[in-house]
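Colleague: With the sequence up front, the predicted model follows.
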Amino acid sequence: MRIDKWLWAARFFKTRGLASTAVLGGRVHVNGERVKSSKHVRSGDLVEVTKGMDRWTVTVAAVTDKRGPAAVAQGLYTEAPEARSKREQQALERRVARTPGDDLGERPTKQARRRLDALRRGQRRPR
């Protein structure tokens, strides 16, 4: 079965087109090699998928060309426990990390913004 169809059936991507784009963009490796969408996968192949900030390292357990429920899709692959814990740890770190601009406070009100503009122009506070 083609890698893009398998990624779609295993629910890594919502559409087959997105899966194909990810494969062509170099975000999918099979057995350590960058592949094309037409690459056939078999049971036992090691697939590395980078989706956003997450990196999945899974072993193909089964192959199907039909997209089924999520419970069935999870049966198509197995993930190593250490890879899963590492991925979950990175997700937790991203969730806890401060976002840029957190220390700036809230947005200025219209009145405060006008006062800041007046200070920048070197004028007194408008009335």
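Modeller: Nice, thanks for sending it over.
Colleague: how about the helices in this protein?
Modeller: In the chain, the helices defined using DSSP state H lie at 3-9, 16-24, 70-74, 81-96, 110-121.
Colleague: out of those helices, which comes closest to W56?
Modeller: Closest approach to W56 among the helices of the chain (CB to CB): helix 81-96, 6.9 Å. From N, CA and C alone the C-beta is placed, and that goes for glycine too.
Colleague: Can you list the low-confidence ranges for the protein?
Modeller: Across the chain, the ranges flagged by pLDDT under 70 are 123-127.
Colleague: Could you report the distance from A61 to A91?
Modeller: Counting by CB to CB, to the nearest Å, the separation of A61 from A91 is 23 Å.
Colleague: err, A97, not the other one
Modeller: 11 Å.
Colleague: Who has more neighbours out of the two?
Modeller: Just comparing A97 and A91: by other CB atoms under 10 Å the higher neighbour count belongs to A91, 12 against 8.
Colleague: list the contacts for A9?
Modeller: By CB atoms under 8 Å, 6 or more residues apart in numbering, the contact list for A9 reads T64, D65, K66, R67, G68, A73, L76.
Colleague: and the two most separated of these?
Modeller: Longest span within the contacts of A9, CB to CB: D65 and A73, 12.7 Å.
Colleague: the more surrounded of the two?
Modeller: A73 (16 against 10).
Colleague: Setting aside sequence neighbours, what's the nearest residue to the more buried one?
Modeller: Counting by CB to CB, 6 or more residues apart in numbering, A73 lies nearest to R11, which is 4.2 Å off, once chain neighbours are set aside.
Colleague: excluding its backbone neighbours, what's nearest A62?
Modeller: Nearest to A62 is L76, by CB to CB, 6+ apart, at 5.0 Å.
Colleague: again, but for M1
Modeller: V63 is the one closest to M1 (CB to CB, 6+ apart), at 4.7 Å.
Colleague: quick one: the one you found from K110, how far?
Modeller: Distance from V63 to K110, counting by CB to CB: 60 Å.
Colleague: Looking at the two now, which is surrounded by more residues?
Modeller: Neighbour comparison, V63 and K110: the larger count goes to V63, with 17 against 7 (by other CB under 10 Å).
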